[in-house]
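A.B. asks: Quick one, what's the 3D model for this:
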Amino acid sequence: MSQKKCLLKIENALFSKVASRPRKYIFPNPISNFKLWADVNKPTFWGVIGPRKSDFLRIVASKYFSEPALGRSYPFLSKGGVLKIQYIDFRENSGLDKCHMAARYETYSFKGKLEMSDDVNSVQNYISGENNYNKNKDPDTDPHFTESLLAKFELSHLKNKWINTLSNGQMRRARIAKAIHTKPQILVIDDPFLGLDPKATKLVSESLKLTALELNFSIVLGLRTLDEVPDWITNLAVVDENGLSTTDENYSAKIQKHNPAYKKTQGKKHPDYELSEISPPHTGRAFIEFNNASVIYKNVPVLENFNWKVNKGSTWRIMGENGSGKTTILSLITAEHPQSWRSVLSIDAVVRKPGNGVNYFDINNKIGISSPELHAVVPFGMPLGQVILNGLIPDIGNSNFRVLYKNSVVPPHAQSILDHFELELENKTDLSFNELSVSLQKLSLFLRAILKGPDILILDEAFSGMDEHMVFKCHAFIEKNLKDTTILTIGHLDWEVPMHDFVIKLEAGSDSPVKFFATK
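C.D. replies: Okay, here's the model as predicted:
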């Protein structure tokens, strides 16, 4: 007979962000009973869904104060207390240096091979914790364990790279590996598959399960309602505005379709469409045109003789696995990439090259963008309203949040957009960015991007991590109001991507590294 242990127990407890009074509680009702049981030699795997899943995960991870203090306890947590719980929510960079997006690319221009392999901020050192200057080297650190994690999450070939040069998907895999490296007893991850392509999603899911079984740690995953629940999840909790709604401790992914919260949103998915492969667009005057563009890092091509024509007002989806060059293409368009000025790109018939009368700020005045890189550099204390209105300020670029909008009047077109999202923004514009849910943070960056009325709108994983109803509301707004805007979008899940006319697919290393499709 297996022996069970209770890793977490919550009984009749309310929770708040601060311990001082008066307290504003996270949920109006106490969580009456929640227990995380695990066999002594076998972990347990929970999935958490619902509109308030993120708050519940922070309660599990001891990020909020409990009332009464003993209303939440960890009876069988080993020495180190809550340090044996690792929590990842992808809302910030978790100790990474915040840097301008161009730094990702400029690092290659001066770091030699020897320096890169010995860099304290390498991927390997980040995962093992040896990039922390204030931490004494752990004599028990097992280099073989580090190597095994690198292999499990397919990061071995990147281990000597500077951590900030990883693609968004690669960075998320590195952060999960780093959390596992501490050998927690409970690993809590909100939106674990956020920004991962299907191949990486399968890899991370399988690696999480195998590593948890090997090291005997339990997992609590926060999943959006439309996410596919991993087949190894054994228990399910649903969290709504009032708190913990229901739990199913005998959950199986096979009965996912019977879950009311899951069923509720099924009718809202995109209408089906087929992709029809087409020849590379080459006729007519292009609004955006790449002409034999090549980007090569240390003799490894990311783009090679890349050609692409985008007509004004068209909508494109850029597809490809993590690290295939999608974000590199966008950074060339926004002039964040140093190689943007090599006469390989033209916008509105103006060739991008030095001395051609075009500067970085002129370019970005006409571009609106929402991306993980921008998300990472928003000042935590900046009010939601100022984050959004920052998009109205000309001549500061897209990554400068330090300048505040000081006009007392908002232009009519911008006000109409804010009015459209009044319900989502109500009573929240004075909250600091760090107080917002990931969904509201994403919405603020989307609104900031469209408020300026850009000629080009770039949506790089703009809706990853956003609540489903908000995603569909943004999509509906795009379809109705931005018909003349040229839109370039990246998203690994079909339902996160707005309707589009064309698809460009990057398949590095194949006989046809670039393919074009029309939707129909």
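
A.B. asks: Touching, Leu488 and Val310? I think so.
C.D. replies: Yes: with contact defined as CB atoms under 8 Å, Leu488 counts as touching Val310 (7.5 Å). Bear in mind the C-beta positions are built from the backbone N, C-alpha and C, glycine included.

A.B. asks: Now do the residue nearest to Val350 when sequence neighbours are not counted, the pLDDT please.
C.D. replies: Excluding its sequence neighbours, the residue lying closest to Val350 (CB to CB, 6 or more residues apart in numbering) is Val358, at 5.9 Å. Note on Val358: pLDDT of 86.

A.B. asks: Use 44 as the first number for this chain going forward.
C.D. replies: Done: numbering now begins at 44, and the last item shifts to Val401.

A.B. asks: Quick check: Val401 vs Lys355, distance?
C.D. replies: Plainly put, Val401 is 18 Å away from Lys355 if you go by CB to CB, to the nearest Å.

A.B. asks: host element of the residue nearest to Val393?
C.D. replies: Using DSSP states H and E, Val401 falls within no helix or strand.

A.B. asks: Please tell me I have it right and Pro422 contacts Asn443.
C.D. replies: No: using CB under 8 Å, Pro422 makes no contact with Asn443, being 10.9 Å away.

A.B. asks: Go through the top strand by length along the chain and flag the buried ones.
C.D. replies: Scanning the chain for the strand with the most residues, using DSSP state E, yields strand 47-59. Across strand 47-59, burial judged by 16 or more other CB atoms under 10 Å covers Leu50, Leu51, Lys52, Ile53, Ala56, Leu57, Phe58, Ser59.

A.B. asks: what is the rounded mean pLDDT of it?
C.D. replies: Averaged across strand 47-59, the pLDDT comes to 92.

A.B. asks: Packing partners of it?
C.D. replies: Packed against strand 47-59, as judged by 3 or more CB pairs under 8 Å, 6 or more residues apart in numbering; DSSP states H and E, are the following elements: strand 74-82, helix 96-103, strand 108-110, strand 115-116.

A.B. asks: Check for me that Asn348 belongs to a helix.
C.D. replies: No: the assignment for Asn348, made by DSSP: H, G, I helix; E, B strand; the rest coil, is strand rather than a helix.

A.B. asks: neighbours around it, how many?
C.D. replies: Around Asn348 there are 13 other residues, counting by other CB atoms under 10 Å.

A.B. asks: now swap in the one 3 residues further on and tell me
C.D. replies: Burial of Trp351 is recorded as 20 neighbouring residues (other CB under 10 Å).

A.B. asks: Mind listing the residues bridging to it?
C.D. replies: With DSSP bridges applied, Trp351 shows beta-bridge pairing to Phe333.

A.B. asks: and it, what does it touch?
C.D. replies: Taking CB atoms under 8 Å, 6 or more residues apart in numbering, we find Trp351 in contact with Pro323, Pro324, Ile331, Glu332, Phe333, Ile372, Ile547, Val557.

A.B. asks: Give me the pLDDT for it.
C.D. replies: 94.

A.B. asks: Could you do Gly424 as well?
C.D. replies: Note on Gly424: pLDDT of 93.

A.B. asks: Next, work out how far apart it and Arg218 are.
C.D. replies: For Gly424, the distance to Arg218 - CB to CB - is 23 Å.

A.B. asks: Which one's more surrounded, the two?
C.D. replies: Comparing Gly424 with Arg218 by neighbour count (other CB under 10 Å), the higher total belongs to Arg218, at 22 against 9.

A.B. asks: what helix or strand is that one on?
C.D. replies: Element membership for Arg218, per DSSP H and E: helix 211-224.

A.B. asks: and whichever helix or strand comes after that helix, what does it pack onto?
C.D. replies: Later in the chain than helix 211-224, the nearest helix or strand by DSSP H and E is strand 229-233. When contacts are defined as 3+ CB pairs under 8 Å, 6+ apart, strand 229-233 sits against helix 96-103, strand 128-131, helix 211-224, strand 261-265.

A.B. asks: Buried deepest among those, which one?
C.D. replies: Most buried of the helices and strands packed on strand 229-233, by mean neighbour count (mean count of other CB atoms under 10 Å): strand 261-265, with a mean of 25.

A.B. asks: By residue count, what's the longest helix in this structure?
C.D. replies: If you go by DSSP state H, the chain has its longest helix at helix 241-258.

A.B. asks: pLDDT averaged over that one - what is it?
C.D. replies: The average pLDDT within helix 241-258 is 92.

A.B. asks: What is it packed up against?
C.D. replies: Using 3+ CB pairs under 8 Å, 6+ apart: helix 241-258 touches helix 186-195, helix 211-224, strand 261-265.

A.B. asks: what about the stretch 94-243 of the chain, any weak spots by pLDDT?
C.D. replies: The model of the stretch 94-243 of the chain has pLDDT under 70 over residues 121-126, 134-162, 175-184.

A.B. asks: anything in contact with each of Leu531 and Val353?
C.D. replies: Shared contacts of Leu531 and Val353, defined by CB under 8 Å, 6+ apart, comprise Trp359.

A.B. asks: Lys78 contacts Thr87, correct?
C.D. replies: No: counting by CB under 8 Å, Thr87 is not a contact partner of Lys78; they are 10.2 Å apart.

A.B. asks: Which of those two has more residues huddled nearby?
C.D. replies: Taking neighbours as other CB under 10 Å, Lys78 and Thr87 compare with Thr87 leading, 20 against 14.

A.B. asks: and the more buried one, what are its phi and psi?
C.D. replies: phi -120, psi 150 (degrees, to the nearest 10).

A.B. asks: contacting residues for the residue nearest to it when sequence neighbours are not counted?
C.D. replies: Excluding the flanking residues, the one nearest Thr87 by CB to CB, 6+ apart is Ala81, at 4.4 Å. Residues in contact with Ala81 (CB under 8 Å, 6+ apart) are Lys47, Lys48, Leu50, Thr87, Ser261.

A.B. asks: now the helices: where do they sit in the stretch 294-443 of the chain?
C.D. replies: Applying DSSP state H, counting those that start in this stretch to the stretch 294-443 of the chain gives helices spanning 303-306, 369-376, 403-408, 415-420, 427-432.

A.B. asks: what's the most buried one of these?
C.D. replies: Neighbour counts (mean count of other CB under 10 Å) averaged over each of those peak at helix 369-376, with a mean of 24.
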